[in-house]
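Visitor: Build me a model:
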Amino acid sequence: MAITVVVRDARGTWDFEQDNGFKVKMRNIEQGPASPEGVATLKGDATTTGLDGAVTGFVDGQSITFTIDWDRSGRGKGGRYRGNFSVIDVNGDSVLSGTSFDLDHTGPGSTATWQSFGRAFGVIR
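Guide: Residues are numbered from 1 along each chain as shown. Prediction:
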């Protein structure tokens, strides 16, 4: 019997807000095909007030991990984001929530929690 791997669809445009007040718009997010283990790569762009960045990462079944390179230099100027898809309705759609870590700083204020809004994330079948 074959096992069905569930992978969430993070393609397109979606937004999230951090508990420190930053609102981020994820744009043009492309998601590669899922591996047999349920891992799919991500790439795209992100914006927030005064910043524009490159997004790279992956969706792994019910979780997501991505980095936003806010100055597009590849030198670690940005943030690392990890989150989980939480089912919100009978169709199996979900929202995202998680934590972020500022790659430029450490100590108090270098982490934040975040949650998506305005979009439900379905399943890629």
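Visitor: from here on, contacts and neighbour counts on C-alpha atoms
Guide: Fine.
Visitor: outside of the worst-scoring helix or strand of the chain on mean pLDDT, which residues touch it?
Guide: Least confident helix or strand, the chain: strand 123-124 with a mean of 84, by mean pLDDT, DSSP states H and E. Strand 123-124 is contacted from outside by 6-9, 92-93, using CA atoms under 8 Å, 6 or more residues apart in numbering.
Visitor: Try it again at 10 Å.
Guide: 5-10, 33-34, 61-62, 91-94 (CA atoms under 10 Å, 6 or more residues apart in numbering).
Visitor: Buried among the residues you listed? Need that as a selection in ChimeraX.
Guide: Filtering the contacts of strand 123-124 down to the buried ones (16 or more other CA atoms under 10 Å) takes a single ChimeraX command:
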select :5,6,7,8,9,10,34,61,62,93,94
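Visitor: Find the pair from the contacts of strand 123-124 with maximum spatial separation.
Guide: Within the contacts of strand 123-124, two members stand farthest from each other by CA to CA: 33 and 91, at 22.0 Å.
Visitor: what does stretch 13-26 contact?
Guide: 10-12, 27-30, 43-49, 51-55, 68, 95-100, 109, 111-121.
Visitor: Just the buried residues of it, please?
Guide: 14-18, 23-26.
Visitor: got those as JSON lines, with secondary structure, distance to residue 105 and pLDDT columns?
Guide: What follows is these, written out as JSON lines (DSSP: H, G, I helix; E, B strand; the rest coil; distance: CA to CA, whole Å; pLDDT from 0 to 100):
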{"residue": "14", "secondary structure": "strand", "distance to residue 105": "26", "pLDDT": "96"}
{"residue": "15", "secondary structure": "strand", "distance to residue 105": "24", "pLDDT": "95"}
{"residue": "16", "secondary structure": "strand", "distance to residue 105": "21", "pLDDT": "96"}
{"residue": "17", "secondary structure": "strand", "distance to residue 105": "20", "pLDDT": "94"}
{"residue": "18", "secondary structure": "strand", "distance to residue 105": "17", "pLDDT": "94"}
{"residue": "23", "secondary structure": "strand", "distance to residue 105": "19", "pLDDT": "95"}
{"residue": "24", "secondary structure": "strand", "distance to residue 105": "19", "pLDDT": "96"}
{"residue": "25", "secondary structure": "strand", "distance to residue 105": "22", "pLDDT": "97"}
{"residue": "26", "secondary structure": "strand", "distance to residue 105": "22", "pLDDT": "97"}
